[in-house]
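Participant: this one's sequence-less:
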């Protein structure tokens, strides 16, 4: 039932199968990956009187012996009885519901089911409390199952009112608020996720985007939404196709529910597989990033640590980055040497932080294309990369390139450079300390010398993501305070998140920096107009850089360099999720702090509500100089 | 390079390959899984004068570009230069060694090598300190490689003295002491393991057993040990075959070293594969337990928790246990009903803790075989298992079996039993509280009634195992004191451990227990004569039970019921490893403690040195009544 590598995982829902083995056979023969079935046998009586001992009872459901345990634990999703209501106003009905839920969940655990499907109602606080208790981790008796809360995308009431053109603005008819109440009560517990049912009417794209930031494990698709095409096969309306593809990109599973309205159940599964394939094949970035989605990585600290061979190898393969660098160098070389000087003048180009030489290679190619003469210095502090550079110099480059095994900040250069080239940018621009490094290196750049890159700017935007919130929460290290993992930044290929407002530019650095004295501290305040009722979990960080003149690189979504994969965005979490209303003004203060040995960020939300400063004094995370 | 499921992982050692790509091709074409090669190119000069900057240098080794990073990180084991000696008495040579080691390890990290092979000398304290620093985990810069310390099974000195029949008893010529010094200094760090070289002479079996308790990642087999059989293929002497098979059982990898003395390198690999296959196929327990070796499980608490369907399913499959129970019941039924009473007398058999009914089934079969009449009560507290029992009663058993949904300690039985059958034993006999349960249930056993089992005894024996010590250490839970994980017992299928003395009987319980008042507390002292110089990491626990008369079940190694897999042994750790000398007397005190709500064990080593009490008051672990 785990979402397979390159296929969609698709299940078939059975309302009340008379024979489980037979139902499972129908589902697997039609190529479904799992089947959903009631846990309790609807025709069996149930007794909670408590005096069952020594009386002859009949079982409340079928015996576990019908299937072997590996089938139960991989192929069956159990459904909670629909009449169970733990928030009913009648105390007796509520208590009886609690007993029945206890019995059904206990049996689900006994069978080792991977997941349980439970309908979510508007009022659900007591339900949330009980489910949270049930899935809580205890070392001796851990529930294996996840609970999928089943919920329509639009509530039946809203749907009918839309039909009558009487749209009401009440929160309580927005099913997202039902869910938000539930998961807030259940403390964002990650074993409690969503099974969202597609409705005939679809909400606005802003609302669909918001669902995409929620932990949706399963998209429920009723058969009555399907139309029939000319050949008699089921197809969905265009708008539903678009919506489903968005969910499939997140590896959401599908559950087909409702009566068979076409020739065969297998055609629904085939159609879903088709939607997935079309989307997957059209998206090379999705293929490249497979396995990294929503996975938190610590940012590299290439200044303090030495990169490894494999890291160099991955980054050298970027199809865009070095082409753009070469274009920037080409333009800079042409600006430095006029046509008449082309045979007499030799300019000096220094690559600081040369790694295993991709920028050296690009510089030589740029000079050749420009038909100009250059002398190259390749400065690198990592002694392991120096081994590669020395071998390349001996075997390929010859005397045109001088290898310097040294930290650029300490180097005593024998001459000054016309062009200083570096690739020191992190996912948030300055976060790998490019400003401090280049400030140190510019002492050997001529007064009229060119720095590539010439400037860079970080960008920040608020996001919602239960998934990432849970990932950060579970990063907690032993012997560290509970807030530590919320006061760090992480490199992440985002998937299961919603952007709550457009990202905005934050800090800009320009090189060479002729300011006296140079001050690389920054402090900015930004205000974001919020698109919809939502929950803030943190901020996504990006950057744009001008390499030279019009040559740019960007990972800011609005201007992202097509096909470039060298940088994933960065995440700055907030410790306590903050509830936001549509049109709220969200204000954030952001600092870049510098002392003699370290650089760090601090951040703080001040509107609509003031929250605590994150990472004061760099107590949880800082970057070593 | 990970040890594959059903194959031996075998590497080929190259002393100084002139072409790495070519060497790797030779190894892979001969079906080797990895190749060992020097990290530093022996012919390249190395400079540690510190004034390298701006001078033209040649590289100290080959460039990383020769192989792609996935080959480096899966196929190559790097060898540290043999002349490196960090414990040399000459300060300058020592310092130069430290520089060289730093350079080679840094390059190994850069390449992403999975492992590094380093020769271990007699004096190795400084070496241990430096390697321990190098592999220490830091979140930003974690070495990927493990270090395999290369050591002969018998030191060259001992080997020659054996040859001259002048055996010396000096510790320092025993290579195990070299290793023990190293790993004690390095605090048993699990990234520092052993590559043990097979020598022409083999040590005593006690000493080989001791190596089997060490973290041996690789067994180095020199080609000069091989003889040639009639067909011209390489074979090893019988004694070496036996030794290698013991290591292969532990999934140790093999490294073939030395010149090719037979037709082709591939024949050594084929021979190792053959040794592995023969051993594997002959051992069904090894096949069953695959994946559980040395894996710590928390003992079940079936009294507090309900077992799951899958757990029942696994245990019901034991080919021995229920056959023996049936034989015991058959004998008991015959003893209760004489031949002349066989048609008139109906006896009552109660199964307490019936689960999903395997003992009920066995009871019915025993009665049928004995040709006697019985009435069966099946008492079970788990409501999920009751579902199964009720279905079985309705469909198969009919009125002969009464299902009772109740905790046996609370049941108000309508009549008394002639035979009371239970299967409440844990891996340490009484550790799942069989005594307390049966004491409660015996109130509905007739005065002359039979309990099956009629008695059980726990066994205890001292063991050495770096592997298990590290597993326990890494079990530490957040927010719990450091000693907690050492004060629990674990269920483990032992593999990488050495028994330091024969296990001895500890606590015995007999049923029915007519003592007044019943006291299930126990306190015993045991003394173990130690077989060899060694390190104590904990105690292995087992049990034997008499079901009825001569029908027994046992997991005590000396008397283990052949083919029975329902119980793995139990491990009681000690917090600080204790160094033992051959013929030492190891004394342990062991308590079983009981209060109103819980049962727990305490234990304490008192000789040769007194250590702290483990688990006082059951502070770290107890079993709920």
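Facilitator: That came through fine. Just so you know, these numbers come straight off a predicted model, no measurement behind them.
Participant: Quick one: list the elements packing against the longest strand along chain A.
Facilitator: With secondary structure taken from DSSP state E, chain A has its longest strand at strand A:534-548. The contact analysis (3 or more CB pairs under 8 Å, 6 or more residues apart in numbering or on different chains; DSSP states H and E) places strand A:534-548 against helix A:321-336, strand A:445-452, strand A:455-464, helix A:466-473, strand A:551-554, strand A:570-580. From N, CA and C alone the C-beta is placed, and that goes for glycine too.
Participant: Return the most buried member of those.
Facilitator: strand A:455-464 (a mean of 24; mean count of other CB atoms under 10 Å in any protein chain shown).
Participant: Just want the angle from that strand to strand A:570-580.
Facilitator: Angle, strand A:455-464 to strand A:570-580, by axes from the mean of the first three to the mean of the last three CA atoms, to 10 degrees: 40 degrees.
Participant: burial count for whatever residue of the stretch 501-625 of chain A ends up closest to chain B?
Facilitator: In the stretch 501-625 of chain A, the residue found nearest to chain B is residue A:624; the distance is 9.0 Å by CB to the nearest CB. Using other CB atoms under 10 Å in any protein chain shown, residue A:624 has 12 neighbouring residues.
Participant: likewise residue A:366?
Facilitator: Using other CB under 10 Å, residue A:366 has 25 neighbouring residues.
Participant: List the buried residues in stretch A:408-422.
Facilitator: A:408-409, A:411, A:413, A:417-422 (16 or more other CB atoms under 10 Å in any protein chain shown).
Participant: Let me know the closest of those residues to residue B:187.
Facilitator: Using CB to CB, residue A:409 comes nearest to residue B:187 of the buried residues of stretch A:408-422, at 36.5 Å.
Participant: what about the residue positioned nearest the centre of chain A, distance to chain B?
Facilitator: The residue lying closest to the centre of chain A (CA atoms, centre = their mean) is residue A:494, at 2.2 Å. The spacing between residue A:494 and chain B, counted by CB to the nearest CB, to the nearest Å, is 22 Å.
Participant: thought that residue was touching residue A:294?
Facilitator: Yes: with contacts counted by CB atoms under 8 Å, residue A:494 reaches residue A:294, the gap being 6.7 Å.
Participant: Regarding stretch A:294-305, how distant is the last residue from the first?
Facilitator: This stretch, stretch A:294-305, spans 25 Å end to end (CA to CA, to the nearest Å).
Participant: Check whether it comes near chain B.
Facilitator: Yes: under the criterion of CB under 8 Å from any CB of the partner chain, chain B is reached by stretch A:294-305 at A:298, A:301, A:304-305.
Participant: So how do I select the buried members of these in PyMOL?
Facilitator: Buried members of the residues of stretch A:294-305 next to chain B, defined by 16+ other CB under 10 Å, are picked up in PyMOL with:
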select buried, chain A and resi 301
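Participant: Closest one of the residues of stretch A:294-305 next to chain B to chain B?
Facilitator: residue A:305 (4.3 Å).
Participant: just the residues of the stretch 151-300 of chain A that are near chain B, which are they?
Facilitator: Going by CB under 8 Å from any CB, the residues of the stretch 151-300 of chain A near chain B are residue A:298.
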